[in-house]
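dropping the sequence and predicted coords here.
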Amino acid sequence: MDIIHLLPDSVANQIAAGEVIQRPASCLKELVENSLDAGAKRVQVIVRDAGRTLLQVIDDGVGMSEMDARLAFERHATSKIREAQDLFSLRTMGFRGEALASICAVAQVEMTTRRAEDETGTLIEIHGSDVVRQEPCVCPVGTNIKVSNLFFNVPVRRKFLKTDQTELRNLLTEFYHIVLVYPKVAFTFVHNDEIILELPAGTEKQRIEAVFGNPKRNVYTSAFVDVNTETELVSIRGFVIKPENATRKAEQYFFVNGRYMRHPYFLKAIQTAYSGMLSADYQPSFFIYFTIAPEAIDVNIHPTKTEIKFADEQAIFQILMAAVREALGKFTLAPQIDFDTQGNIDIPLPKDTPVSRPQVTVDPTYNPFHTRGAIYPDRAPKNWESLYEGFSQPLSDPITPNTQITQNTQIPLSDSAPIWQYKSKYIFVQTENGLLLINQHRAHIAILYAQLLEQLTHAQGAMQQLLFPEVLSLQADEMILAAQLLPDLQAIGFDLEQLSPDSYSIQGIPAQLANQSPLPVLQHILQQVRERGADTQAEWREQIALSLAENAAIPYGRSLTEAEMRDLVKGLMALPQYRHTPDGKTIVSLLTDEEIAKRF
Ligand code: ADP
Ligand code: MG
């Protein structure tokens, strides 16, 4: 029986219009989702040139009849919904019936497909929506679809594609979103004849391990605890990282009814559950799977379908936060409970339970000023009066209303102005107009950032050889990113050499990082570049410089000598941008004399 039918226009119009295929990754997503909707147990993805020349998906799903093979490429042809009402009770990944139509409009598509009940299969070839060939063929049960020369007839689209490395990363990101919800389906991903991922069928944990960890050693998922909660509204399952294993580089995944989603509000719920357990720049990794009645969510608000609206977000926020807290509480209290022979123990929430933090070793004798001399010695102004010419625009800090520094405000300041450190975190300097408050860590970030960016541009980074080389192991997508950043990482002073298909050895590090462990720093860089979507060299250089500066800057809690404080302030004021860090955080604030007087 043929199973595909055309959607009435009224339904078609209810489906949000939107460009379905923006890049190879969106094409791959649609093809793989079709295979899964077709009940495939094994899906092979074959890619050439990051999808520009070839994107092929082979599945062992139900296949299509001869008639369906032709109809599948019509717009709004779908076997998945019949009426508008069906939109609210979706259980398949696809439903719009526009993916194949969109793909064949912008590529050369060749498909072979066969159902188990048919003796012969069908081959169909379509170039830019024109069927150029359709004939019976011999092929296995399932569907094999080959999309060649994507955007061959849309040069503008082709031009907007990013570098191969970026597009390949996008492909893998999209692929991760899918494979993490289908652990029982085996997947392979081959790029330019190289097997990038080989994922056997297994449990959710095994799948996570196979993608992010080491499938043989099972070490990644043992860093997680289970989350499990059933309520009438929603069921929440998954894994959240033990606080002590958190890093700066987090993997954060939400899925709802078998679909990846982004959800900044629910992310807040998880972060809240961890509050007090992680140091400032650490992020919790998690894989959270929601199951909810399809009527209670709207998957249709966003054309690429990663933002999903829930009917009852506040309630789910609370349930999620409580579930994560409970999971973390069980984990942190586990040793005490083991000694208790009583059965029913009330497990208190871990709110005030101190949790061991990741060990960060800080060398208290390390003094950035002595090892490197004065910051910007030749740029530092001779006397402090000229430092404040920089105050040409008002400070724009929405939180502190005490910043009426206007266009012409001059803040005279002398070399002998009283200066002191407050709580090992802020530097206070007396000026004629008031008290200047400076955040020491951020000030140093801004100084180092400017310095590093300059070194990066001129490939003049100073390197310090490591006594014991370290090994940086990376996931497939990170390897691609690392290869892309490699020349710049070397320019700034990293001595890196590829060891194996998934690791680098680190033999030297930028001099600014002396005495620091290079692994977290490199991971931080990769994370930042990935998260902030730095696609051009200029963008990722900024991320590299910022990341290094954040790692190398004087931390809070370090007491400074008077000379160091003056050096720091001088270095800061010599910068063209000294009021904010490159990522927009406030560095300086002025408490004016009037404001001080008003308090009395
Ligand atoms: P949708 O997935 O939204 O229904 P598509 O354009 O992606 O729309 O696919 C159209 C139809 O083609 C699907 O409803 C399905 O019946 C059929 N189809 C597409 N890919 C496959 C596949 N790999 N195996 C079996 N049937 C498929
Ligand atoms: Mg589809």
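Right, received. Where do you want to start? Being a predicted model, the structure only gives us computed values, none of them experimental. Ligands and ions are numbered 1, 2, ... in the order given.

residues in contact with Phe428?
Ile419, Trp420, Gln421, Tyr422, Leu435, Leu436, Leu437, Ile438 (Cβ atoms under 8 Å, 6 or more residues apart in numbering). C-betas here are computed from N, CA, C, even on glycine.

beta-bridge partners for it, please?
Trp420, Leu437 (DSSP bridges).

start at 361, not 1
In the new count, where the first residue is 361, that last one comes out as Phe788.

reformat the contacts of Phe788 as TSV; add pLDDT.
Formatted as TSV, those follow (pLDDT from 0 to 100):
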residue	pLDDT
Ile779	93
Trp780	93
Gln781	94
Tyr782	93
Leu795	90
Leu796	90
Leu797	93
Ile798	94
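
CSV for these, including neighbour count and distance to Asp672?
Output for those, formatted as CSV (neighbours: other Cβ atoms under 10 Å; distance: Cβ to Cβ, whole Å):
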residue, neighbour count, distance to Asp672
Ile779, 19, 54
Trp780, 12, 52
Gln781, 18, 49
Tyr782, 11, 46
Leu795, 17, 49
Leu796, 22, 49
Leu797, 18, 44
Ile798, 22, 46
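
distance to ligand 2 added to those residues, as TSV?
Formatted as TSV, the contacts of Phe788 follow (distance: Cβ to the ion, whole Å):
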residue	distance to ligand 2
Ile779	65
Trp780	65
Gln781	61
Tyr782	60
Leu795	63
Leu796	60
Leu797	57
Ile798	56
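
and which of those is nearest to Pro384?
Using Cβ to Cβ, Ile798 comes nearest to Pro384 of the contacts of Phe788, at 47.7 Å.

the residue minimising distance to the centre of the chain and Lys609, how far apart?
Nearest to the geometric centre of the chain sits Glu891, at 3.9 Å (Cα atoms, centre = their mean). Glu891 sits at a distance of 9 Å from Lys609 (criterion: Cβ to Cβ, to the nearest Å).

got it, and Lys401?
Applying Cβ to Cβ to Lys401 and Lys609 gives a distance of 33 Å.

same question, Arg939
For Arg939, the distance to Lys609 - Cβ to Cβ - is 30 Å.

find the closest residue to ligand 1 in the stretch 861-960 of the chain.
Among the residues of the stretch 861-960 of the chain, Gly893 lies nearest to ligand 1; the distance is 27.3 Å by Cβ to the nearest ligand atom.

now do the SS call for the residue lying closest to that residue once chain neighbours are set aside.
Nearest residue to Gly893 in three dimensions, chain neighbours excluded: Glu899, at 8.0 Å (Cβ to Cβ, 6 or more residues apart in numbering). Secondary structure, DSSP: H, G, I helix; E, B strand; the rest coil: Glu899 is helix.

tally of neighbours for Glu899?
By the measure other Cβ atoms under 10 Å, the count of residues near Glu899 is 13.

could you do the one 5 residues further on as well?
The criterion is other Cβ under 10 Å. On that basis, Ile904 has 26 neighbouring residues.

for the residue lying closest to Leu928 once chain neighbours are set aside, give me its contacts.
In space, and not counting its chain neighbours, Leu928 is closest to Ala803: 5.7 Å by Cβ to Cβ, 6+ apart. Residues in contact with Ala803, defined by Cβ under 8 Å, 6+ apart, are Ile787, Leu928, Val929, Gly931, Leu932, Tyr938, Ile947, Val948.

distance from the helix or strand hosting Ala803 to the middle of the chain?
Following DSSP states H and E, the helix or strand that holds Ala803 is helix 800-817. Distance of helix 800-817 from the chain centroid (Cα atoms, centre = their mean, to the nearest Å) equals 24 Å.

so which residue of the stretch 761-910 of the chain comes closest to ligand 1?
Counting by Cβ to the nearest ligand atom, the stretch 761-910 of the chain gets nearest ligand 1 through Ala836, at 24.2 Å.

nearest spatial neighbour of that residue, skipping sequence neighbours?
Nearest residue to Ala836, sequence neighbours excluded (Cβ to Cβ, 6+ apart): Ile556, at 4.9 Å.

alongside ligand 1, which residues does the chain contribute?
364, 390, 394-395, 397-398, 419, 421-424, 432, 437-440, 454-461, 503 (Cβ under 6 Å from any ligand atom).

from those residues, which ones fall inside helices?
Glu390, Asn394, Ser395, Asp397, Ala459, Leu460, Ala461 (DSSP state H).

okay, the last one and Ala432: tell me how far apart.
It stands for Ala461. 8 Å.

so for the strand ranked longest in the chain, what gets flagged as buried?
Longest strand of the chain, by residue count under DSSP state E: strand 823-833. Neighbour counts over strand 823-833 (16 or more other Cβ atoms under 10 Å) mark Met823, Pro829, Leu832 as buried.

mind listing what that strand pairs with, with the direction of each?
strand 863-870 (antiparallel).

now do the buried residues in whatever helix or strand comes next after the partner strand.
Going down the chain from strand 863-870, the next helix or strand is helix 878-891, by DSSP H and E. Buried positions in helix 878-891, judged by neighbour count with 16+ other Cβ under 10 Å: Pro878, Pro880, Val881, Leu882, Gln883, His884, Ile885, Leu886, Gln887, Gln888, Val889, Arg890.

map the structural domains onto the sequence of this protein.
Following automatic domain parsing, the chain resolves into domains at 369-559, 564-690, 757-960.

what about the stretch 611-760 of the chain, any weak spots by pLDDT?
Across the stretch 611-760 of the chain, the ranges flagged by pLDDT under 70 are 659-665, 690-760.

go again using 90 as the cut-off
Low-confidence segments of the stretch 611-760 of the chain, defined by pLDDT under 90, span residues 617-619, 621-622, 624, 635-643, 653-672, 689-760.

so what touches the longest strand of the chain?
574, 842, 853-856, 859, 862-871, 873-874, 877-879, 882-883.

switch the cut-off to 7 Å
Residues outside strand 823-833 that contact it (Cβ atoms under 7 Å, 6 or more residues apart in numbering) are 853, 855, 859, 862-871, 874, 878-879, 882.

before we move on, back to that, what's the neighbour count on the residue of the stretch 861-960 of the chain closest to ligand 1?
10.

from Tyr642, how far out is it?
For Gly893 relative to Tyr642 (Cβ to Cβ), the value is 21 Å.

sorry, back to before: Ala461 and Ala432: who's more crowded?
Neighbours were counted for Ala461 and for Ala432 using other Cβ under 10 Å; Ala432 has more, 24 against 19.

show me the contacts for that one.
Applying Cβ under 7 Å, 6+ apart, the residues contacting Ala432 are Ile364, Met424, Leu460.

could you point out which of those is nearest to ligand 1?
Leu460 (3.5 Å).

hmm, the closest one is touching Leu431, no?
No - Leu460 lies out of contact with Leu431 (Cβ atoms under 7 Å); the separation is 9.6 Å.

please say which of these two ends up with more neighbours.
Leu460 (25 against 20).

any idea of the pLDDT on the more buried one?
Leu460 carries a pLDDT score of 89 in this model.

so how far is Asp490 from it?
For Leu460, the distance to Asp490 - Cβ to Cβ - is 14 Å.

how about Lys544?
Distance from Lys544 to Asp490, by Cβ to Cβ: 38 Å.

next one: Ile555
From Ile555 to Asp490 the distance is 35 Å (Cβ to Cβ).

again, but for Gln382
In terms of Cβ to Cβ, Gln382 sits 23 Å off from Asp490.
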